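What follows is a predicted structure for the sequence shown.
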Amino acid sequence: MSLKILGYTKDCRTNTPVVYAEILMNEYLDFVGTDFDRFEIQRKRVDPKKYTRLKEDIVKGALLPGITLAIDPGKVENFENAISKKDSEGLISLLKASKDIYILDGLQRSYIIKDLAEKDGVTFKDEQKILLEIWFEKKIDHLVYRLIVLNSGQKPMSMRHQVELLFMTMKKEIEKEIPGLEIYLEKDETIRSRSKKFSFDRIVNGYYAFLTKSPEVERDNLVVKKMNEDEVLSSKEDELNESFNLFIKYLRIFSDIDVEYYKIYGAHQELSPFKNWLAEENTIKGFFAAIGKFASDEKRIERIDGALQKLLEKMIARTDPDPFSLTEFRQIRNGIDAKKVNVGFGTRKLIMDGFREFFIEEGETSFADCWKSSAS
């Protein structure tokens, strides 16, 4: 393989090692692998017709803007020795053997190269190369800041997509952090067959709802959406790190509750339609939006913790066959007037306000009363 190291540098703010390299165009796909989009689950491919000119230029031998790659954070330490010694031969050997390289920026260009090579049978010019920028970042704190804030100011990438990149980057680490958790990719056609098993897309939406304090990921009111996102993007690094860690804390608690929930609602025939309610998108958005909205200080966080602890203890003790009062929830949800309110919007608001009411009362009020209060 023609991979060649051109130079070494680092991001001085985060002390992240960065390596510049080049590789022949006709070997690029072998290097990144043909399933390079496995880390870009929610980012739709742009219509290839919009890149007709770029395709023509590539065929003629154009030098593309550099593509940014990154190494799986959990595997970065395998490269540290070679980088510190600037051992280019050793680093090249490690990179060639690695299956943990993903695209941070350059997905659409990679799609085009793949189309040209595999569908159109194009043979690239012998000296045609691609420039690579490879990041070796292993700290969650730096990834949170870089992917959410720095990319926002430097790349035409939505905040929603930045959150996706963050979670795909950290998926394995989060699963290690929460034993038994499985974040599955919907394209794998995995069916939820047990507790602690959640769709990647829904966890991403949960974090986005947590950050923006709203269950509405796709807002009709673009001004409000931008205001919410700007508030997040203006946060300092330590604030974002604290926020991310708080989300992981409540994802862990949410997963523990899901274990007992799955047992309770899977055991009763009349409640079995609700067996996966906690894993539904509206529920995840509503729950985490409620936490994001309510957890503004230590005292409120203590109230949330107390409420969820009481709920979990109640579920473990099996003192209530329907601890979330989903029978009442269904009745209230079915009463939403579709002529006046979007049912999806109404459902998410009902869930968010219901959980928020539960937190305010520190778990002393039944969910039946919380649903009623949030609907009034």
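Cool, got the structure.

list the contacts for L94?
Contacts were defined as Cβ atoms under 8 Å, 6 or more residues apart in numbering; by that measure L94 touches 78-79, 82. Any C-beta I mention is one placed from the backbone N, CA and C, and that applies to glycine too.

Which residue, neighbours along the chain excluded, lies closest to I5?
S88 (4.1 Å; Cβ to Cβ, 6 or more residues apart in numbering).

right, and the helix or strand after whichever helix in the chain runs longest?
If you go by DSSP state H, the chain has its longest helix at helix 237-267. Following helix 237-267 in sequence order, the next helix or strand is helix 281-294 (DSSP states H and E).

got a list of contacts for that following helix?
Contacts of helix 281-294 (Cβ under 8 Å, 6+ apart): 198-199, 201-203, 205-207, 209-215, 217, 246-247, 250, 254, 277-278, 300, 303-304, 344, 347-356, 359-360.

one more time with 6 Å, if that's ok
With Cβ atoms under 6 Å, 6 or more residues apart in numbering as the test, helix 281-294 has contacts from 202, 205-206, 209-210, 213-215, 250, 277, 300, 347-348, 351-352, 355-356, 359.

Now which of these would you call buried?
The neighbour-count test (16 or more other Cβ atoms under 10 Å) applied to the contacts of helix 281-294 identifies 202, 205-206, 209-210, 213-215, 250, 277, 347-348, 351-352, 355-356, 359 as buried.

Among those, which lie within helices?
Using DSSP H, these in helices are 202, 205-206, 209-210, 250, 347-348, 351-352, 355-356, 359.

buried stuff in the helix or strand containing Q108?
Assigned by DSSP H and E, Q108 belongs to helix 107-114. Neighbour counts using 16+ other Cβ under 10 Å place 107-114 of helix 107-114 among the buried residues.

Format the CA atom coordinates belonging to it as PDB.
Output of helix 107-114 as PDB, limited to C-alpha atoms (Å, rounded to 0.1, in the frame of the first residue of the first chain):
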ATOM      1  CA  LEU A 107     -18.100  11.000   3.600                       C
ATOM      2  CA  GLN A 108     -19.700  12.400   0.400                       C
ATOM      3  CA  ARG A 109     -16.300  12.400  -1.400                       C
ATOM      4  CA  SER A 110     -15.800   8.800  -0.300                       C
ATOM      5  CA  TYR A 111     -19.100   7.800  -1.700                       C
ATOM      6  CA  ILE A 112     -18.200   9.300  -5.000                       C
ATOM      7  CA  ILE A 113     -14.800   7.500  -5.100                       C
ATOM      8  CA  LYS A 114     -16.600   4.300  -4.300                       C
END
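
about what we covered before: between the contacts of L94, which is nearest V122?
Ranked by distance to V122 (Cβ to Cβ), the contacts of L94 are led by F79 at 32.4 Å.

give the contact list for that closest one.
94, 136.

7 Å instead, please
For F79, the contacting residues are 71, 91, 94, 136, by Cβ atoms under 7 Å, 6 or more residues apart in numbering.

If we only consider these, which is nearest to E260?
Nearest to E260, judged by Cβ to Cβ, of those is I71 at 38.0 Å.
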